[in-house]
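Asks: Turn this into a structure:
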Amino acid sequence: MIGGADATQPNVLFIITDQQRADHAGFAGNDVVRTPHLDSIAARGTVFDNAWVANPVCMPNRSSIMTGRMPSAHGVIFNDRSLEWGANTHVRQFCEAGYRTALIGKSHLQHGLSRNAVVESGLQAAVDDPYPAGWDTLEDAERYFGGEPDFPSSFYGFSHVELAIDHGSRITGHHMRWALEKGASLEMLAMPYTADCPAERRHRGWWQIYRPTYVEELHSSRFVAERTAAFIADAAHAGEPWLAWASFPDPHHPMCPPGKWFDRHRPDEMALPRTVDDPLDAAPEHLQRTARLHPSRQPYWVYPCGLGGDHDLARAAIAATYGMIELIDDCVGQILAAVERAGAGDNTIVVFTSDHGDMMGDHGLFLKGCMHYRGTLQVPMVIASPGRRAARTASLVSSLDLGPTLLDLAGLDGYDGIQGVSLAPVLDDPAVPVRESVLIEDDIPNAARSWGDMPAKTRTLIADGMKYTRHSTGEDQLFCLDDDPDELTELSEDYPTLQASLLEGLADALIEVADSAR
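Replies: The predicted model follows:
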């Protein structure tokens with residue numbers, strides 16, 4: 001139903017965080033981190049307790065959420081390439097139907113934040129880039145120091161864009177221009193991603209856990225909240241239906257909540273993950289090696305690493321992360337209040353999710369990247385749709401399914417190549433299954449040169465309460481999630497018939513997602 005929209009059609013508020021575990025929210029059963037506003041969305045929506053990513057890395061999964069397609073289909077298999085300028089997205093469909101569309105906060109559909117991940121092959125490209133020069137540089141931080149670059153009328157379907165490009169206390173993009181207008185200095189904002197970054201307090205064992213020197217009002221979460229609220233007010237005043245992506249850069253590391261949020265939780269009161277001292281005896285070689293790489297010795301700020309038995313560090317990281325999440329929740333409250341002020345509370349679909357998780361000490365590991373445990377692969381997911389009752393569901397779902405669901409709920413057409421499925425049937429009946437399995441891809445091109453002999457490719461299949469992972473090194477892992485939710489008992493050697501069955505299922509899933517779209 002592509003055509004003119006009117007104010008009676010549902011609005012969409014899409015709230016997405018970066019690197020938030022599925023169990024790091026009150027509605028997920030966490031009784032330490034306080035998330036009353038996210039819990040309020042869950043209290044009137046459907047909570048998906050069995051939601052998984054299409055890829056556990058930022059750019060691939062964000063592009064999958066936008067397109068409804070697997071990374072191997074849309075092409076963004078790692079953080080070293082931008083989503084094709086002409087890629088169709090569910091947001092484009094809303095925009096073409098007459099919606100005002102906005103992206104406020106982190107995009108990471110282009111690799112400006114992660115250009116360091118590019119490892120040159122030394123060969124000519126497989127396909128010539130046909131797009132105008134500069135199309136994939138709109139997220140390059142340096143383009144904002146002298147002003148703001150001119151954006152096209154549609155940025156992957158978003159007609160209005162205000163970017164917070166970086167993480168931690170480093171402030172760039174539209175976020176930087178906004179902070180300068182509030183009286184901040186450039187020296188205060190352009191912080192390095194190193195231990196030289198100024199801090200009021202810093203954890204002795206990892207430079208990435210610290211309280212920044214600027215005030216809370218300048219932080220990325222406040223930027224996202226203030227500017228999303230302004231967009232909603234403007235769209236409501238114009239009498240137009242709207243779709244807003246409120247995209248928080250937190251709680252991605254560095255773990256540096258500002259002001260009072262840094263001290264919301266005492267590290268010594270934080271419970272450790274049950275698997276924190278997992279010896280990983282049956283784990284693939286790269287995971288055993290990663291677990292021994294203490295964060296203080298990691299070669300770059302985004303590399304996966306391990307605890308090396310440092311429980312104090314784990315507690316400090318968890319405490320700081322909870323502070324970041326609680327600040328986000330407070331900001332979500334600001335946005336929800338703006339929806340109510342606009343008189344749109346009864347006509348707005350609200351989605352909450354994250355692009356992927358974080359190991360956060362599980363199995364003695366930190367961050368993400370080729371660590372296919374549920375800490376990185378499972379995400380929080382809630383959909384609150386007007387007129388539908390609150391529920392919880394164990395129905396198996398993927399990040400791929402969010403775009404198709406929103407199109408379905410708004411009565412809009414899809415497009416060729418969508419591989420996700422609509423979750424509307426689950427919203428009507430939480431017992432309805434819409435998937436038999438979820439496939440998860442993970443690629444690190446030139447892994448041997450860039451990430452220290454990590455597997456170049458990893459694939460995971462979730463099906464029938466089982467999780468089977470196969471690495472390009474030939475190593476695999478098999479867990480029964482129903483009986484062993486902590487993934488401590490690896491089954492592949494003891495149950496070869498079950499392993500063979502899941503390997504066959506993985507092959508079938510790979511055949512199914514082989515792209516045939518035009």
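Asks: Is residue 109 located within a helix, as I assumed?
Replies: No: secondary structure of residue 109 (DSSP: H, G, I helix; E, B strand; the rest coil): coil, not part of a helix.
Asks: Quickly note the distance from the residue nearest in space to the middle of the chain to residue 248.
Replies: Geometric centre of the chain, nearest residue: residue 355, 1.5 Å, by Cα atoms, centre = their mean. According to Cβ to Cβ, to the nearest Å, residue 355 stands 10 Å off from residue 248. In this view, the C-beta of every residue, glycine as well, is placed from N, C-alpha and C.
Asks: list residues touching both of these two?
Replies: Both residue 355 and residue 248 are in contact with 16, 17, 18, where contact means Cβ atoms under 8 Å, 6 or more residues apart in numbering.
Asks: Name the member of these with the most neighbours.
Replies: The most crowded member of those, judged by other Cβ atoms under 10 Å, is residue 17 (30 neighbours).
Asks: Please name the bridge partners of that one.
Replies: residue 354 (DSSP bridges).
Asks: quick one: it and residue 250 touch, right?
Replies: Yes: look at residue 17 against residue 250 with Cβ atoms under 8 Å: they come within range, at 6.6 Å.
Asks: Now for the two: what residues contact both?
Replies: 325, 328.
Asks: List the buried residues for the longest helix along the chain?
Replies: Ranked by number of residues, the top helix in the chain under DSSP state H is helix 311-341. Residues of helix 311-341 classed as buried by neighbour count (16 or more other Cβ atoms under 10 Å): 313-336, 338-339.
Asks: hmm, back to that, tell me how far the residue nearest to the centre of the chain lies from residue 105.
Replies: Residue 355 is 12 Å from residue 105, by Cβ to Cβ.
Asks: now swap in residue 280 and tell me
Replies: For residue 280, the distance to residue 105 - Cβ to Cβ - is 35 Å.
Asks: give me the number of residues near the closest residue to residue 58 other than its chain neighbours?
Replies: With Cβ to Cβ, 6 or more residues apart in numbering as the criterion, residue 58 has its nearest non-adjacent residue at 5.0 Å, and that residue is residue 108. Number of residues near residue 108 (other Cβ under 10 Å) recorded here: 27.
Asks: So the residue nearest to the centre of the chain sits against residue 15, correct?
Replies: No: using Cβ under 8 Å, residue 355 makes no contact with residue 15, being 11.9 Å away.
Asks: Output the lowest mean pLDDT helix or strand found in the chain.
Replies: The helix or strand of the chain with the poorest confidence is helix 447-450; it has a mean of 62 (mean pLDDT, DSSP states H and E).
Asks: Could I have the CA atoms of stretch 140-150 written out in PDB?
Replies: The C-alpha trace of stretch 140-150 is given here as PDB (Å, rounded to 0.1, in the frame of the first residue of the first chain):
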ATOM      1  CA  ASP A 140      33.100  10.100   8.900                       C
ATOM      2  CA  ALA A 141      33.600  12.100  12.100                       C
ATOM      3  CA  GLU A 142      36.000  14.700  10.500                       C
ATOM      4  CA  ARG A 143      33.300  15.900   8.200                       C
ATOM      5  CA  TYR A 144      31.600  17.600  11.200                       C
ATOM      6  CA  PHE A 145      34.400  19.600  12.600                       C
ATOM      7  CA  GLY A 146      33.900  22.500  10.200                       C
ATOM      8  CA  GLY A 147      30.100  22.300  10.000                       C
ATOM      9  CA  GLU A 148      27.700  19.600   8.900                       C
ATOM     10  CA  PRO A 149      27.700  17.800   5.600                       C
ATOM     11  CA  ASP A 150      24.800  18.100   3.300                       C
END
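Asks: rewinding a little: next, the residue nearest to residue 58: phi, psi?
Replies: phi 50, psi 40 (degrees, to the nearest 10).
Asks: I'd like to know how far the nearest residue to residue 75 once chain neighbours are set aside sits from residue 14.
Replies: Closest residue in space to residue 75, ignoring its immediate chain neighbours: residue 84 at 6.1 Å, by Cβ to Cβ, 6+ apart. Note on residue 84: its distance to residue 14, by Cβ to Cβ, is 21 Å.
Asks: cool, and residue 290?
Replies: Taken as Cβ to Cβ, the span from residue 290 to residue 14 is 33 Å.
Asks: Neighbour count for those two, which is higher?
Replies: Neighbours were tallied for residue 290 and for residue 14 using other Cβ under 10 Å; the higher tally belongs to residue 290 (28 against 21).
Asks: so the more buried one sits in a strand?
Replies: No: read with three-state DSSP, residue 290 is helix and lies in no strand.
Asks: thought it was touching residue 365?
Replies: Yes: using Cβ under 8 Å, residue 290 is in contact with residue 365, at 6.2 Å.
Asks: low-scoring stretches of the stretch 301-450 of the chain, by residue?
Replies: For the stretch 301-450 of the chain, the stretches with pLDDT under 70 are 447-450.
Asks: go on, the chain?
Replies: 1-7, 447-452.
Asks: packing partners for the longest helix of the chain?
Replies: With contacts defined as 3 or more Cβ pairs under 8 Å, 6 or more residues apart in numbering; DSSP states H and E, helix 311-341 has these neighbours: strand 11-17, helix 36-44, helix 220-238, strand 348-354.
Asks: Figure out which of those is closest to residue 53.
Replies: Across the helices and strands packed on helix 311-341, residue 53 has its closest neighbour in strand 348-354 (8.8 Å, Cβ to Cβ).
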